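*Asks:* no sequence for this one, just the structure:
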């Protein structure tokens, strides 16, 4: 499940993932937020829509419930944290990219969910919207909470999507 950034849309963001997903035999879903961006303060708005989409696709395709990746860029990455740390989340791995993170998110997280949860944090060292220190703090806080974190900081990347990282994200997902 790939979540677009603020003011984006799923149809455009889908193309960031198609090549890498198809070469590995994965289905990739890229919904569009119900509003201008993901319901970061009200996960009960967009969260159920994402679950419904997974259910609809699962009715026609054999999607492995033990292998479900939730990823997103910017606001989509932030919503990956918001939705992905909840105890009722259906996704087995998270990969927020260029996302905002506040340690308070962990106060809403299910500790049993976070323990051992594979999380790949990808962030640009030149990100002007969400400074890399925010992503570094996210990686530290998640590790301290027991998550299995891989942190990738890209030296020459600003606040944009690093499509070259998709292969590494999916390789970790397959491991």
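*Replies:* Good, I have the coordinates. It should be emphasised that the depicted structure is a prediction, and the values quoted were computed from it without experimental measurement.

*Asks:* give me every residue that touches the most centrally placed residue in the chain.
*Replies:* Here the mean C-alpha position of the chain is nearest to the C-alpha of residue 71 (Cα atoms, centre = their mean), at a distance of 2.3 Å. Shown in contact with residue 71 (Cβ atoms under 8 Å, 6 or more residues apart in numbering): 1-3, 77, 80, 94-97, 169. Every residue, glycine included, has its C-beta placed from N, CA and C.

*Asks:* let's see it at 6 Å
*Replies:* Shown in contact with residue 71 (Cβ atoms under 6 Å, 6 or more residues apart in numbering): 2, 95.

*Asks:* partner residues bridging it?
*Replies:* Under the criterion DSSP bridges, residue 71 forms beta bridges with residue 2, residue 95.

*Asks:* how much space between it and residue 78?
*Replies:* 12 Å (Cβ to Cβ, to the nearest Å).

*Asks:* can you check residue 142 too?
*Replies:* To residue 78, residue 142 is 14 Å away according to Cβ to Cβ.

*Asks:* same deal with residue 63?
*Replies:* With distances taken as Cβ to Cβ, residue 63 is found 25 Å from residue 78.

*Asks:* for these two, indicate the residue with more neighbours.
*Replies:* Here residue 63 and residue 78 are compared on neighbour count by other Cβ atoms under 10 Å; more neighbours surround residue 78, at 25 against 15.

*Asks:* what's the single longest helix in the chain?
*Replies:* Ordering each helix of the chain by length in residues (DSSP state H) puts helix 43-60 first.

*Asks:* contacting residues around that one?
*Replies:* Outside helix 43-60, the residues that touch it by Cβ under 6 Å, 6+ apart are 29, 31, 33-34, 38-39, 82-83.
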